Each structure stands twice: as structure tokens, then as C-alpha cells.
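Chemist: Provide a 3D model corresponding to the input given below.
(2 chains)
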2 protein chains.
Amino acid sequence: MSKVTPLSGFPEYLPRQRLVEQHVLDTIRQVFERHGFSSIETRAVEPLEQMLRKGEIDKEVYVLRRLHAESGEPDAGLGLHFDLTVPLARYVVQNAGHLDFPFRRYQIQKAWRGERPQEGRSREFTQADIDVVGRDTLAFHHDVEVALVMAEVFRTLPCPATVIVVNNRKLAEGFFLGLGATDSSAALRAIDKLDKIGKDKVSDLLVAQAGLTAEAASTCLALAEIRSADTSFVDRVQALGVEHPLLTEGLGELESLIAAACDVMPGAIVADLKIARGLDYYTGTVYETELVGYESVGSICSGGRYDALASDGRTTYPGVGISLGVTRLLAILIGRELVTASRSVPTCVLVAVADEDRRGEASAAAAKLRARGINTEVSPEAAKFGKQIRHADRRGIPYVWFCETDGPHSVKDIRSGDQVAADPGVWLPPEADLNPVVSLSNASVAEPLDPSNR
Amino acid sequence: MSKVTPLSGFPEYLPRQRLVEQHVLDTIRQVFERHGFSSIETRAVEPLEQMLRKGEIDKEVYVLRRLHAESGEPDAGLGLHFDLTVPLARYVVQNAGHLDFPFRRYQIQKAWRGERPQEGRSREFTQADIDVVGRDTLAFHHDVEVALVMAEVFRTLPCPATVIVVNNRKLAEGFFLGLGATDSSAALRAIDKLDKIGKDKVSDLLVAQAGLTAEAASTCLALAEIRSADTSFVDRVQALGVEHPLLTEGLGELESLIAAACDVMPGAIVADLKIARGLDYYTGTVYETELVGYESVGSICSGGRYDALASDGRTTYPGVGISLGVTRLLAILIGRELVTASRSVPTCVLVAVADEDRRGEASAAAAKLRARGINTEVSPEAAKFGKQIRHADRRGIPYVWFCETDGPHSVKDIRSGDQVAADPGVWLPPEADLNPVVSLSNASVAEPLDPSNR
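Modeler: As a prediction, this is how the structure comes out:
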């Protein structure tokens, strides 16, 4: 093992960076549970036939094979899941008899796609999803709820400002149909390319593929420019003079979502009528999320409503959900050092060892500190105290403990140099020193630390 | 998706069972951090050439391939890791310049092996590992430490009694060599089969493969019968009259480990001289763990000392570590319903909705409760209150909150039926109701709940 190089697309972190990741994951979990979402985990693999129902995505799946498999083995048809939505649909159908509906679940797991790695796109990545799944029906207020839960996650995390941008497929499709489109899906796909290919080319596509006139195409582009943090978008859409029952329905849904969101967290959730979410099979609300100042990495949190997330032939399970791209977010937070941990280890106290024969005494003091919730380790070596203190300092451990043979123990804050007598059954550090603190740094934007973290 | 069946060897849990799993994982993590171990995660994949260095295990690796891969693609040589030790060795060599030694790391992740599934053996499973890795040297006291940390994990978890059984490769090898063995590895492999094939066949193997006389083989079997919770095993070994410098060294190490462990946690860690750990490349201490009453599932926590865990050609990294088989443990705890959660959701309070027009009011009350750490959801439907209460009851949610239009809000404990006036900015439930409680049940041994949980 003379030379080891990172694998592109498979990010890994150093212990101090991992503390940031853990803080982000813990925060996400806490907010999800605060809102009564239940955790599930699904196996990493799904049958290929399940995963390939969605069409274009198939080329990205990693297929598994046992190294010495014999042909015809059952696991020959398994692949690693590329998202957490396909597994959720399968899990709901498989366990429907054991679940209570509406089923509120969160799922924080890795997924894999064999795509070409680039900033914001890894081959192995962690997603944090919430979905609410109904049986037969699912009330629209859950479309508001999942967006607000994610907005609360972003408000709680140490991270730059975010804006959740929302649109509604019914609004868009109704609008295209009202303008005479012969293929509203083609119109949606064209609008989805706006940022990539620009207005002129989108207009050409709307005419060539969606069956719209040039004038209608220009009205579609006008729709795509509408964005508002309040319900003023409704008047602007109506001013375009297009009518269709689907448009009316979608406009009403989006209005009620933005109105409710404005009440609770003004500015966090914004209507943006160019959001399309490409080929995914959403049927109503769609969400994306901009990380302000880092829009170029793409949406860090996306989702929408599926009227038929899953079905077992007799029963249909509608769902609405939203998925936070944890790895994409961390590529910014950690890769650009926007967020840092105050030390590289969980340890608060290092107990010094005066002599190897007295290691048991140091271990006993450490056990007393741990019993009261203080992360403690014992010095690996009975070296000179100066060396033991440097061992703590190098890793950011704030306190070193000394077991005196005669007289009380003492504890030294190695940042200030202050040393005081202390009893391991009583002493407590200040709350802020107990665990590593993870916080937004004031560092300006920097290049990623480690080329594997992309 | 008309019929979905579980995949054998890929366990999945229902939400209430998942709460048990989360509690187990959280407890393990907390104890590890209490002892100053740093978390790392490694990517799920390793180059095949890394993983196949160990020999016999190769047949169990899952190899990855992109569904539409072109030949010669770089990821053609990747497989899913089958443990967390091979990835640790690679991570240490790759990041040595950024780590402080001795490096104390924990790692809780899934691993995969394409083995035939059976009780205690899954194709996808979670391991929780701690290792201490030195540079050039690593003090023996870490061999004591990692066993004591795991003993503390087991003491903290809701689970049946466990015994960590320990042996030492130097002791065993020195003993075989002192008896004239020509192949001490063959002797070790023979002893490792004792439980499976019995004494007579092991004796035959010791003669045929390790070059021992029948009398010497019988002395080896006498060694394998020695087990003690204190250091009395030392006299019993010496009474067998075998001498070899390696034996003396290993016996001294094991004696100091058991002596130190006895001081801290008597009975938790026991010397057992038949423990061999088969083909793994340990060079000193070896550990296994018996779950008392469930020994037939095999060791639930194993490991040992490697004098050369990793090397980059110039520097050698010795390590000692121990790995808890979380999935194997959960197959017992959850599969046999030994441990249960007090409810199926994290939710403590369900806020009732009197009328859809007043949902905003219910949401506002819920937000106030959440702000003080109370997991709260709002009723999905403005149904009759009786129906809303049943919705809470079915999932074990203990409290239902009512927003009155005139007068104060009130909260009902739906277990007792008691209803009292309450302010959402002030009210707190009893500590025991705040989160689901996970505990050992009094249930006798039962069959697994769900055939997929094996």
C-alpha cells in the first residue's frame, strides 16, 4: 500500500470535517423528529426492474455482482439505489399493512449514481428526505408543511441563506394547454432548460416541440420570469390572460402555499414560475432550493408532489416530499471552509499520566468525569507533562487533568494556562467547552481543502 | 408493483423497530465519544485489489459495474467493503499527514458480503468499530482500553448479559511451538474448529497438519479448556509445563489485560484460551463476545491487535480494534422482541384541528411546543375529535392538544383521559413522555417478527 489516491466522486472527510458533517446530520434529524417524522432506513439495493421504471436515469445505476457468482443467481438483478424515493415507494407497498397513514417518514442515507463527478455531483452522496404518504388521498396542507420543515432545517443549520423556490405543475401545464400547446410535457422540458440554453433557444423548442406559436412561446417566457415572495404573483399570472381549469387549480394551490408560508417564515419560501424539475413525475407542487451566493452548484433541496407515489394495483399512495442533498451542501460548507469545528476530537479533558504504574489512577479519574457526561481520554504515554499538554493542544482538547499523589487533583485550561484544584466527581467545564462547537466561520470563500471532497 | 417480497439477507425495520435501532446506535456513539474516539466514515467502495489481499474472503465481495459502463472504465475495479478494517488501513495511509497518533477512531457504517443469509449473518449489515492506531509503536494498554470501552457499551445498552472473551495469539503460538509444532498457524486453525467439529477431530488435525504428537495435541486441548474471569488462568497454563519465549510474552500480556479489566468491571472480560479468530491476521490480543443465552448466533463483537494494520513502505501503523456487529445484535434484540420502543413515532403531542380554517392556529401552537423541545405534529384532518384522538392513540402519541377559540388551550393525556388547561408557551410533559422510551421487555424469547429481519 505504497501510494493511495482519493477516488474522484467518493468524498471522505478528516475527523475535524466529519464533526461538521455530524452536526449537520444531527440538526437535520432533530428538526425532522421535532415535526413528528419517523425514521426509516431501506437496504442499499433494489431490484433493477424497480429502478428502471423511471426511464432516462437507468444509465447511472451501479449494478452488483458477487465476485464469484454463478450465473442465474438471484442477486444478479440488484443495483445500488440512486435516490430514496424509489425505495420509499417499494417500502410503503411492502409494509402498508403495518403503517399508519398519512405516513410521515424521514430517511437519511447514502445513494449512488455512476455520473461524471463535478462540483455538487458525487458518485456516493447522502440525502435527507422527508415525505408524507397518504392512502388514496393526501391533503394539500402537507405540501406547505414539508417546505416549512425544510425551511426550518436551513434556519437551524450553520449555513448561508437559502430560498426554497416553488412552482406547481398544474399551473404550468394548464398555462401551456391554455395557450394551445399540443405537448405540455415538451413545453415543461423546454422551460427546464432556460438557465442552460437561454430564452431564444427555449422559444424555438416551445414552437418546434410543444406546438406553440411564437407569440404563445413568448407568453410562456413571460410566465417563467414571474417570481414573488408573497402572493402578488397571482395577479401577474392572471394579467397574462391565459385560461384553463388546470391553471386555475394550480394557481390556487400555489397561492395557498405561499400565503401560509409567508405567515410563518416570510421570505424563506418563494413562488418562482420557471421551476420545472425536468423529467421527474411530479403532478403538482415542485420545490427547489437556492443556496444564496452558491447558486451555480444547483438546487440543494428538491422535491414535489406525486399523486401516485406508489400503487399496489388496488390502492394508490399519493405523496409529497422533499430531499436535501447533504453531500452537495457539505461540499460548500466544508469544502470552502464556511463552517468549522472548534476542535478535531470529541474529547474535552485529557487525563495526564505521571508514570505508567499510575495509569489505573488516571483511568479512575477519567471514569468519574465520563460518568457526568464529560468526554475524556487518558494520555497515551507517561511522557513529560509538557509533551502530554502538547498532545492535547494539537487536537484542540481544552483541559488537562492531573492526579496528584498527595492533595487534591487539579485541572489546567491549556488555552489560558489557569490551573485549579478540582474533584473529578464534581468539576464541570463551562457548557461551551463540553462538546466541539460547530459554527459558521468568517472565512471568505476559499477553494476546497481536499480534491476528494467533491 | 403488485407484489413486493423482502430480500433475504437485507434486513429492514418498521418505524417502531427502527426506534430501537436508533437508540442502540446513539448509545454506541455516545460511549465511543465519551472515551474520545473520533468519528470517521469511509466511502462504501474500495478497489478490489485492496480487499483481496486477505485471501479466502474474496468470494464474498460484491463488485460494482455501471449499468451502461464501457469496458476499461476506472470504476470497473471497485467493490463494496466487507468490513471497516480494510477501509481504515487505507484511510490511515492516505491521510497520515493530517492525523494525530495514536489515532482513536470510531466508525459506524454498513458493510456487505455476498454470503448465504442465516440467523446472525446478513448480506447487508452495520458494524460499529473502534480502533486505536499508532505510528511505529502502540502501547499495550490500548488492548485493555478497547475491550473496556466495548464492555461499557454493553453495560449501557438495553441487552442481555455479555461476556467479552479474550486470548492472545502469542500465548497460543508460543504454546504450540513449545510443544514442537511445525506449523503453528495450522494448530491455530485446528483449535478454531473446536466448537464445530469436536475434540477428537481437532486432535487429528493437530497431528496431521501441525506436526504435533498425539500427547502434545491432548495438551493443546487442555489449554483450550482454560477459562477464567480473573488471572488464575496463568497458573493453570504454567501447570501444563510448556515453555517458549512467545508463550511467556503472550501470557504476560493477557494477565495484565485481565488484571486491569477485573479492577474496573469484574466479570465483563474473561480469559478464554480456545479463542483463535481463524484466518484473520492478528498478532497478539484477540477478542470475541458472547451474548449470554444466544451464543449460537456467534460472536457479536470481535477484534484484536495487528502489529501492522497498515504500512506505506516506510512507516508501519500498528493497531488494536474491536468491531460490534450491530445487525447481528439487533436480529436478537428486535427480531425476538427483547427490546421495544414505547411508541412508533417520535411525536409527543398531536395538536387537534377543529376546522380546516383554523389549521394556522393549530400550527402556531405546535410551533410554540416545538420551540421548547417537544416533538409535535398537527392533526392531518379536521375530523371529529374522537377520530383525531384515535389517530394519536394508534401510534402511541401520549398527548392531544386543543386550541379553544375563547379561553385557554387544553391538553389531554389520552392514556388517563385527564384534560387540563395549558399554555403552549409554558406546558411541559413529564420527562419520561418527551421521547419514545426504548427498553428491555419482559417478553420471553419469541420468533422473529418479520421474515426480512434476518
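
Chemist: how many other residues sit next to residue A:131?
Modeler: Here the number of neighbours of residue A:131 (other CB atoms under 10 Å in any protein chain shown) works out to 26. Yep, even glycine has a C-beta here, placed from its N, CA and C like the rest.

Chemist: List the contacts of the closest residue to it other than its chain neighbours.
Modeler: Of all residues not flanking residue A:131 in the chain, residue A:321 sits nearest, at 3.1 Å (CB to CB, 6 or more residues apart in numbering or on different chains). If you count contacts by CB atoms under 8 Å, 6 or more residues apart in numbering or on different chains, residue A:321 has them with A:85, A:88, A:129, A:130, A:131, A:132, A:146, A:303, A:304, A:309.

Chemist: How confident is the prediction for residue A:321, by pLDDT?
Modeler: According to the prediction, residue A:321 has pLDDT 97.

Chemist: Over to residue A:243?
Modeler: pLDDT at residue A:243 comes out at 97.

Chemist: That one: what secondary structure?
Modeler: coil (DSSP: H, G, I helix; E, B strand; the rest coil).

Chemist: Domain-wise, how is chain A divided?
Modeler: Domain assignment of chain A by automatic domain parsing yields the ranges A:15-340, A:349-426.

Chemist: quick one, which of these is packed in tightest?
Modeler: Ranked by mean neighbour count, those are led by domain A:15-340 with a mean of 20 (mean count of other CB atoms under 10 Å in any protein chain shown).

Chemist: now it, how far from the chain's geometric center?
Modeler: A distance of 12 Å separates the centroid of the chain from that of domain A:15-340, by CA atoms, centre = their mean, to the nearest Å.

Chemist: Quick one: end-to-end distance for it.
Modeler: In domain A:15-340, first residue to last residue: 11 Å (CA to CA, to the nearest Å).

Chemist: Please, where are all the helices along the stretch 51-200 of chain A?
Modeler: Counting by DSSP state H, counting those that start in this stretch, the stretch 51-200 of chain A has helices at residues A:85-95, A:141-156, A:169-178, A:184-192, A:194-210.

Chemist: Tell me which of those helices sits nearest to chain B.
Modeler: Each of those has some distance to chain B by CB to the nearest CB; the shortest is helix A:85-95, at 4.2 Å.

Chemist: and that closest one, what other elements does it pack with?
Modeler: Counting contacts by 3 or more CB pairs under 8 Å, 6 or more residues apart in numbering or on different chains; DSSP states H and E, helix A:85-95 packs against strand A:45-47, helix A:48-51, strand A:103-112, strand A:124-133, strand A:301-311, strand A:316-325.

Chemist: which residues does the residue nearest to residue A:385 when sequence neighbours are not counted contact?
Modeler: With sequence-adjacent residues excluded and distances taken as CB to CB, 6+ apart, residue A:385 is closest to residue A:352, at 5.9 Å. Shown in contact with residue A:352 (CB under 8 Å, 6+ apart): A:362, A:379, A:385, A:388, A:389, A:400, A:401, A:402, A:403.

Chemist: mind listing the helices in the stretch 251-400 of chain A by residue range?
Modeler: A:326-333, A:359-371, A:385-394.

Chemist: between the ones you listed, which one is nearest to residue B:281?
Modeler: Closest to residue B:281 of these is helix A:359-371 (CB to CB; 28.2 Å).

Chemist: Going by contacts, tell me the helices and strands next to the closest one.
Modeler: With contacts defined as 3+ CB pairs under 8 Å, 6+ apart, helix A:359-371 has these neighbours: strand A:349-351, strand A:376-378, strand A:399-402, helix B:245-264.

Chemist: would a markdown table of the ones you listed with distance to residue B:214 be doable?
Modeler: Listed next are these as a markdown table, based on distance: least, CB to CB, whole Å:
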| stretch | distance to residue B:214 |
| --- | --- |
| strand A:349-351 | 52 |
| strand A:376-378 | 48 |
| strand A:399-402 | 57 |
| helix B:245-264 | 21 |
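
Chemist: which stretch among these comes nearest residue A:198?
Modeler: So among the helices and strands packed on helix A:359-371, strand A:376-378 is nearest, using CB to CB, at 58.0 Å.

Chemist: Tell me the bridge partners for residue A:167.
Modeler: Beta bridges link residue A:167 to residue A:286 when assigned by DSSP bridges.

Chemist: Could you find the closest non-adjacent residue to whatever residue of the stretch 101-250 of chain A ends up closest to chain B?
Modeler: Across the stretch 101-250 of chain A, no residue is closer to chain B than residue A:114, which sits at 3.8 Å (CB to the nearest CB). Counting by CB to CB, 6+ apart, residue A:114 lies nearest to residue B:66, which is 3.8 Å off, once chain neighbours are set aside.

Chemist: and that neighbour, how far is that from residue B:119?
Modeler: Remark: distance between residue B:66 and residue B:119 (CB to CB, to the nearest Å) = 35 Å.

Chemist: low-scoring pLDDT stretches of the stretch 301-450 of chain A, where are they?
Modeler: Within the stretch 301-450 of chain A, the stretches with pLDDT under 70 are A:442-450.

Chemist: Ignoring the adjacent residues along the chain, who's closest to the residue of it found nearest chain B?
Modeler: Minimum separation of the stretch 301-450 of chain A from chain B (CB to the nearest CB) falls at residue A:377, amounting to 3.3 Å. Nearest non-adjacent residue to residue A:377, counting by CB to CB, 6+ apart: residue B:36, 3.3 Å away.

Chemist: from what I can see the one you found touches residue A:344, true?
Modeler: No. Judged on CB atoms under 8 Å, residue B:36 makes no contact with residue A:344 at a distance of 11.0 Å.

Chemist: Between the two, which contacts overlap?
Modeler: Common neighbours of residue B:36 and residue A:344 are not found (criterion: CB under 8 Å, 6+ apart).
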